[in-house]
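Peer 1: Compute the structure for the input listed below.
(one chain, ligands or ions: 2)
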Amino acid sequence: MDIDLSRFSAPCACGRTHTITAKTVLIESGAILKLPEVVKECGLEGKKPCIVCDENTYKAAGELVCKVLPVHNLVVLNPEGLHPDEHAIEAIEAGYLDSGYVLSVGSGTLNDLGKYVANEHKVPTLSVATAASMDGFVSTVAAMTLNNFKVTRICPAPIAVIADTDVFSKAPYRLTASGIGDIIGKYTALSDWRISHTIWGEYLCENIFDIEHSAVVKVAENIDAIRAGKKEAYEDLMYALVLSGLAMQMMGNSRPASGAEHHLSHFWELNIVNGHHNGLHGEMVGVGLACITKVYKDFMAQVTDPSALIHPYHGMPHEQLKEILGFMYEDAIKESTPDDMLQVTPEKVIAAWPKIQQIVAAMPSHAEVMDMLHRAGAPSTMEEIGVDSVYLEKCLKFSPFIRGRITLMRLIDLMF
Ligand SMILES: [Zn+2]
Ligand SMILES: [Zn+2]
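Peer 2: Ligands and ions are numbered 1, 2, ... in the order given. Predicted coordinates:
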């Protein structure tokens, strides 16, 4: 499928004009063979690509990419311990030479590296997606590890995504299950966005909301078909991942795609409470979804009259956050400035309560989430991603503060 992107860049009923920078998204069997056309459409004909792969993605797709784009510079990285860090950047720079754009062949790490290096040279980047593992293909940030710190750098998104079904449907299944986790995590992300909008009027575009929601529903309906290896279902998953990325581009940030489940996942990734672990992003999001769904459903069942429990917001727990977050404390404060929670009064929460009840009731139950994750073959417990569940309480308490956005977790904080 060659996706018509014009509908994502138009004046919208919400009053804003959303813009996206992606020019081409191609998801089909044999998509790599169409690379010369895509390069032409992107206005890059005659320019030499710096093709960035690792040994695995070179075998899976890079070799063919090099055949269809015969004039190129090639960098093949060692996949052992590959991170989006200075070491990898240096290796790419050494092979960049006279390139006019960057073409990354891979998923998470290679896509991030491609964006980062392209941004350093102020040239465009294209992405050949080799696994349906996450929704960041067209995102405008690169998640990097620089000076041993995990940081995100704003970088232009790839202007084209080429996803060849013959390639990404053969990726190690664990990567695909991770992609399912990243998408179904939007159940809580979208609920959090809607709840914040309902309470204090945070901007919410219904079109963007619907795009993201349709991506979740499509994947939820297709879990068994993906697990059974049906090519069409794989294409639908990849499409949902790209749609989610486009929704973020339209929004200008990750609000449609990231709520309390991603906050938990980011918190685990930081390794500040728990020790080191090897969970993939989407795996952690899936487990985050399971944890947050349980908390949300239990909380709503428990609170029949919010007015009996709610107290005014007293600000962030600075002393505890300094202790827990350490050097990341300053970043957390920056994220939460201005603090949207100052808009949330007990009166507004009480007035919005019936609507909040509806929003949470419409979410799948904890048992349904667990069933989806099991059917997807994805981890559903903290232990399965290598994080001891003794840390859950602490992670639930402090993860909402690493991003400034309001989630239902912040309201729970106002009542207990
Ligand atoms: Zn809109
Ligand atoms: Zn994600």
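
Peer 1: So which residues of the stretch 251-400 of the chain form helices?
Peer 2: 260-269, 281-302, 318-325, 329-335, 346-361, 366-376, 392-398 (DSSP state H, counting those that start in this stretch).

Peer 1: Compare those helices and say which comes out lowest on pLDDT.
Peer 2: The weakest mean pLDDT among the helices of the stretch 251-400 of the chain belongs to helix 329-335, with a mean of 86.

Peer 1: what's that helix in contact with?
Peer 2: 316, 321, 322, 325, 401, 402, 403, 404 (C-beta atoms under 8 Å, 6 or more residues apart in numbering). Using the backbone N, CA and C atoms, a C-beta is placed for each residue, glycine as well.

Peer 1: rewinding a little: which one, of the helices of the stretch 251-400 of the chain, ends up nearest to ligand 1?
Peer 2: Closest to ligand 1 of the helices of the stretch 251-400 of the chain, according to C-beta to the ion: helix 346-361, at 19.8 Å.

Peer 1: Run the chain-centre distance for that closest one.
Peer 2: Computed by C-alpha atoms, centre = their mean, to the nearest Å, the chain-centroid distance of helix 346-361 equals 27 Å.

Peer 1: ok, and the closest non-adjacent residue to residue 325?
Peer 2: The shortest distance from residue 325 to any non-neighbouring residue, by C-beta to C-beta, 6 or more residues apart in numbering, is to residue 332 (5.6 Å).

Peer 1: Neighbours of the one you found, how many?
Peer 2: Residues lying near residue 332 (other C-beta atoms under 10 Å) number 20.

Peer 1: Quick check: it vs residue 410, distance?
Peer 2: 14 Å (C-beta to C-beta, to the nearest Å).

Peer 1: looking at the helices of the stretch 251-400 of the chain, which is closest to residue 197?
Peer 2: helix 346-361 (9.6 Å; C-beta to C-beta).

Peer 1: relative orientation of that closest one and helix 281-302 in degrees?
Peer 2: In terms of direction (axes from the mean of the first three to the mean of the last three C-alpha atoms, to 10 degrees), helix 346-361 departs from helix 281-302 by 120 degrees.

Peer 1: Return the list of helices and strands in contact with helix 346-361.
Peer 2: helix 186-200, helix 281-302, helix 408-413 (3 or more C-beta pairs under 8 Å, 6 or more residues apart in numbering; DSSP states H and E).

Peer 1: Can I get those helices in TSV including mean neighbour count and distance to ligand 1?
Peer 2: As requested, the helices and strands packed on helix 346-361 are arranged in TSV below (neighbours: other C-beta atoms under 10 Å; distance: least, C-beta to the ion, whole Å):
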stretch	mean neighbour count	distance to ligand 1
helix 186-200	24	13
helix 281-302	23	25
helix 408-413	21	23
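
Peer 1: Generate CSV for the ones you listed, with distance to residue 94 as supplementary columns.
Peer 2: As requested, the helices and strands packed on helix 346-361 are exported to CSV (distance: least, C-beta to C-beta, whole Å):
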stretch, distance to residue 94
helix 186-200, 39
helix 281-302, 28
helix 408-413, 45
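
Peer 1: where's the residue nearest to residue 58 when sequence neighbours are not counted, which helix or strand?
Peer 2: Leaving aside its chain neighbours, residue 58 sits nearest to residue 76 (5.0 Å; criterion: C-beta to C-beta, 6+ apart). Element membership for residue 76 (DSSP states H and E) is strand 73-77.

Peer 1: wait, what's in contact with the residue of the stretch 201-350 of the chain found nearest ligand 1?
Peer 2: Per C-beta to the ion, residue 205 is where the stretch 201-350 of the chain lies closest to ligand 1, at 3.2 Å. Contact partners of residue 205, counting by C-beta under 8 Å, 6+ apart, are 12, 14, 16, 18, 250, 251.

Peer 1: Helix, strand, or coil at the residue in the stretch 301-416 of the chain positioned nearest to ligand 1?
Peer 2: Residue of the stretch 301-416 of the chain nearest ligand 1, by C-beta to the ion: residue 405 (18.0 Å). Following DSSP: H, G, I helix; E, B strand; the rest coil, we place residue 405 in the coil state.

Peer 1: Could you check the pLDDT of the closest residue to it other than its chain neighbours?
Peer 2: In space, and not counting its chain neighbours, residue 405 is closest to residue 255: 6.4 Å by C-beta to C-beta, 6+ apart. Per-residue pLDDT puts residue 255 at 94.

Peer 1: And residue 255, how far from residue 186?
Peer 2: In this structure, residue 255 and residue 186 are 11 Å apart, going by C-beta to C-beta.

Peer 1: likewise residue 274?
Peer 2: Distance from residue 274 to residue 186, counting by C-beta to C-beta: 24 Å.

Peer 1: List the buried residues in the lowest-mean-pLDDT helix or strand in the chain.
Peer 2: Least confident helix or strand of the chain, by mean pLDDT, DSSP states H and E, is strand 149-154 with a mean of 82. By 16 or more other C-beta atoms under 10 Å, the buried positions in strand 149-154 come out as 150, 153.

Peer 1: Mind giving me the packing neighbours of it?
Peer 2: Strand 149-154 sits against strand 141-146, with contacts defined as 3+ C-beta pairs under 8 Å, 6+ apart.
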